[in-house]
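Chemist: A predicted structure for the sequence below; I have some questions about it.
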Amino acid sequence: MNLEERLTTDLHDDLDRLDAGPGDPRQALVAGTRTSRRRTTLRVVSTAAVVGAVALTAGVALRPEDRTGDGEPAPSAPAGGWSKAAPSPLAPRYGALMVWTGDEVLVMGGHQDTPCPPNADCIAPSDPLSDAAAYDAETDGWRTIAPPPIQIDSGTPAVVSDGIVVIGNARNWWTYDPVADRWRELDPPAGVDAGPRTELDGKVYAVDGHRTVSVLEVASGSWSTLPSDDLAPALTIDGLFATSSGIVLAGVNYRESAPDEPTLTQADIWDGRSWSRLPRTGMIGWLYNWTGERILGLEPGGADGGQTNNWGRYYPAAGALDPATGAWEPLPGLDYEDRAEGPAWVVETAEGPLVATQGRVYDDSARTWTEPGIPDSAVDSDLSATWADGRLVFFGGYDRDAERLSNDTWIWTPGG
């Protein structure tokens, strides 16, 4: 089972525990295109490329002709330009974990077997590679760094806090200091059963299945927990965001959905004193990226309930939530068919207002979409990527025609 399938399986396992009605649009989204998208944060890491097609399920109708915004396509931005970085000391691979520390791009782990073809049923990938390297975009130079102490690939939860990388899973948490080139093992309390999800002001946050938020103070290595989110009915959590307005848990509430409307995304916020519930949004997809101002979800398409349980109007999968005010609005340029029209490297990664998705780049500050295209490279799939100070850095991947892995590094810089 490849990375996309593993992440999708995790989401299926979570939703299998829910009592969702037959017309629930989230089941259609899970069955479809990019439900394995990782929840990203203000300082984000990359995922490997994933691509597919949205599926229809009973009671859900996807309507490409409907606009999710104001009826007009989103404006386009200049395409920018490509440059190739110096050769990497790492062997060819796919599925590496990439993070931007604020000074360097770190490339860690990944795989060297043949990637699983799209929509194929494959055995699990090989054990991840154990080496790593750092790239300085200002000098166009590489250096090898201390190998990670646990197996790492692009599915490993990771955030960066003040230049320190924090990685972890349900069993082990570690920090990496790129200046000292040293890994340090952490000792998470027994209640921490997930990896890091988000970061703010030197603190890293994780959430368990009971809506308990654990907090790591990176400098000291000390742990604490927020008071439990006991608001009822409980949300089924699929997003955690450390924002300037508070800690946000995003999800859905299946108990209060009206018969004539879908299950809409909601959010609870901790303001330092108590939990409160923000107004229900108008979207049926997931929120996954904090820009510094808004929390975005960028799934294309939407649903109207179909012929049997029609909701009377179309609901978009995408949208933007302002945690300071609770205001929600749809996003432009996200019809079902709104994806790159030409050749594209499809990755999912975000930094602040910049989001790479579906072979395009969305800039939330300007509300524009850009198609970077691809450089002069034969690689066509399974790349990793991360944003680095406004530039999109790609590494590795696979050339399916030549059946060959790559260790090239390409940088796309947005146009002015």
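Modeler: Received it, and whenever you're ready, just let me know what you need. All figures in this text were calculated on a predicted structure; none of them were measured in a lab.
Chemist: Where does pLDDT dip in this structure?
Modeler: 1-79, 336-339, 416 (pLDDT under 70).
Chemist: Need the phi and psi values for the most far-flung residue of it relative to its centre.
Modeler: In the chain, residue 308 marks the outermost C-alpha relative to the chain mean, sitting 33.3 Å out by C-alpha atoms, centre = their mean. Reported as degrees, to the nearest 10, the phi and psi values for residue 308 are phi -80, psi -50.
Chemist: how far away is it from residue 385?
Modeler: Per C-beta to C-beta, to the nearest Å, residue 308 is found 41 Å from residue 385. From N, CA and C alone the C-beta is placed, and that goes for glycine too.
Chemist: Repeat that for residue 113.
Modeler: Relative to residue 385, residue 113 is positioned 20 Å away (C-beta to C-beta).
Chemist: Just want to know which of those two has more residues nearby.
Modeler: residue 385 (28 against 16; other C-beta atoms under 10 Å).
Chemist: what pairs with the more buried one across the strands?
Modeler: Here residue 385 sits in beta bridges with residue 394, as judged by DSSP bridges.
Chemist: In this structure it contacts residue 346, no?
Modeler: No: counting by C-beta atoms under 8 Å, residue 346 is not a contact partner of residue 385; they are 9.7 Å apart.
Chemist: residue contacts, the closest residue in space to residue 212 that isn't next to it in sequence?
Modeler: For residue 212, the nearest residue in space outside its immediate sequence neighbours is residue 228; the separation is 5.5 Å by C-beta to C-beta, 6 or more residues apart in numbering. Residues in contact with residue 228 (C-beta atoms under 8 Å, 6 or more residues apart in numbering) are 210, 211, 212.
Chemist: what's near enough to touch the first one?
Modeler: Contacts of residue 210 were listed using C-beta under 8 Å, 6+ apart, and they are residue 228.
Chemist: got it, and the second one?
Modeler: Taking C-beta under 8 Å, 6+ apart, we find residue 211 in contact with 228, 229, 234, 235, 237, 249.
Chemist: Sort out which one of the residues you listed lies nearest residue 390 for me.
Modeler: Looking at the contacts of residue 211 and their distance to residue 390, the nearest is residue 249, at 29.4 Å (C-beta to C-beta).
Chemist: partners of that closest one in the sheet?
Modeler: Counting by DSSP bridges, the residues bridging with residue 249 are residue 240, residue 268.
Chemist: I figured it hits residue 268, correct?
Modeler: Yes: the pair residue 249 / residue 268 is scored as a contact, 4.7 Å apart, by C-beta under 8 Å.
Chemist: Give the intersection of the neighbour lists for those two.
Modeler: Common neighbours of residue 249 and residue 268 (criterion: C-beta under 8 Å, 6+ apart): 229, 235.
Chemist: Which stretches in the stretch 201-350 of the chain count as helices?
Modeler: Per DSSP state H, counting those that start in this stretch, the stretch 201-350 of the chain carries no helices over any range.
Chemist: What is the neighbour count of residue 269?
Modeler: Close neighbours of residue 269, defined as other C-beta under 10 Å, add up to 21.
Chemist: With residue 266 instead?
Modeler: Using other C-beta under 10 Å as the criterion, residue 266 is surrounded by 23 other residues.
Chemist: Now do stretch 148-155: distance from first to last residue.
Modeler: Between the opening and closing residues of stretch 148-155 there is a gap of 14 Å (C-alpha to C-alpha, to the nearest Å).
Chemist: Go through that stretch and flag the buried ones.
Modeler: Under the neighbour-count criterion of 16 or more other C-beta atoms under 10 Å, stretch 148-155 has 148, 150, 152, 153, 154, 155 buried.
Chemist: now stretch 184-194
Modeler: Residues of stretch 184-194 classed as buried under the neighbour-count rule (16+ other C-beta under 10 Å) are 186, 188, 192, 193, 194.
Chemist: how about TSV for these, with distance to residue 400 added?
Modeler: Formatted as TSV, the entries for the buried residues of stretch 184-194 read as follows, by distance: C-beta to C-beta, whole Å:
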residue	distance to residue 400
186	39
188	40
192	40
193	37
194	34
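Chemist: for those, which one is nearest residue 222?
Modeler: When the buried residues of stretch 184-194 are compared for distance to residue 222 (C-beta to C-beta), residue 186 comes out closest, at 10.0 Å.
Chemist: ok, the nearest residue to residue 189 once chain neighbours are set aside to residue 186 distance?
Modeler: On the basis of C-beta to C-beta, 6+ apart, the spatially nearest residue to residue 189 that is not a chain neighbour turns out to be residue 223, at 5.3 Å. The span separating residue 223 from residue 186 equals 8 Å under the rule C-beta to C-beta.
Chemist: Overlap in contacts, those two.
Modeler: When contacts are counted by C-beta under 8 Å, 6+ apart, residue 223 and residue 186 are jointly contacted by residue 216.
Chemist: on that earlier part again, tell me which of the buried residues of stretch 148-155 fall in helices.
Modeler: Among the buried residues of stretch 148-155, none falls in helices (DSSP state H).
Chemist: need the residues you listed in a markdown table with distance to residue 371, can you?
Modeler: Written out in a markdown table, the entries for the buried residues of stretch 148-155 read as follows (distance: C-beta to C-beta, whole Å):
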| residue | distance to residue 371 |
| --- | --- |
| 148 | 34 |
| 150 | 37 |
| 152 | 31 |
| 153 | 28 |
| 154 | 23 |
| 155 | 27 |
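Chemist: Which of these sits closest to residue 400?
Modeler: Within the buried residues of stretch 148-155, distances to residue 400 taken as C-beta to C-beta reach their minimum at residue 154, with 18.3 Å.
Chemist: What values do phi and psi take at the closest one?
Modeler: Torsion angles, degrees, to the nearest 10, at residue 154: phi -70, psi -10.
Chemist: Same check on the one 5 residues further on?
Modeler: Here is the backbone geometry of residue 159 (degrees, to the nearest 10): phi -140, psi 170.
Chemist: How many neighbouring residues does it have?
Modeler: Residue crowding around residue 159 was assessed by other C-beta under 10 Å; the count is 28.
Chemist: pretty sure it contacts residue 197?
Modeler: Yes: taking contacts as C-beta under 8 Å, residue 159 lies within contact range of residue 197: 7.3 Å.
Chemist: mind listing the strands in the stretch 101-250 of the chain by residue range?
Modeler: Taking DSSP state E, counting those that start in this stretch as the criterion, the stretch 101-250 of the chain contains strands spanning 105-108, 132-136, 141-144, 158-161, 164-168, 173-177, 182-185, 198-200, 203-207, 213-217, 222-225, 236-243, 246-252.
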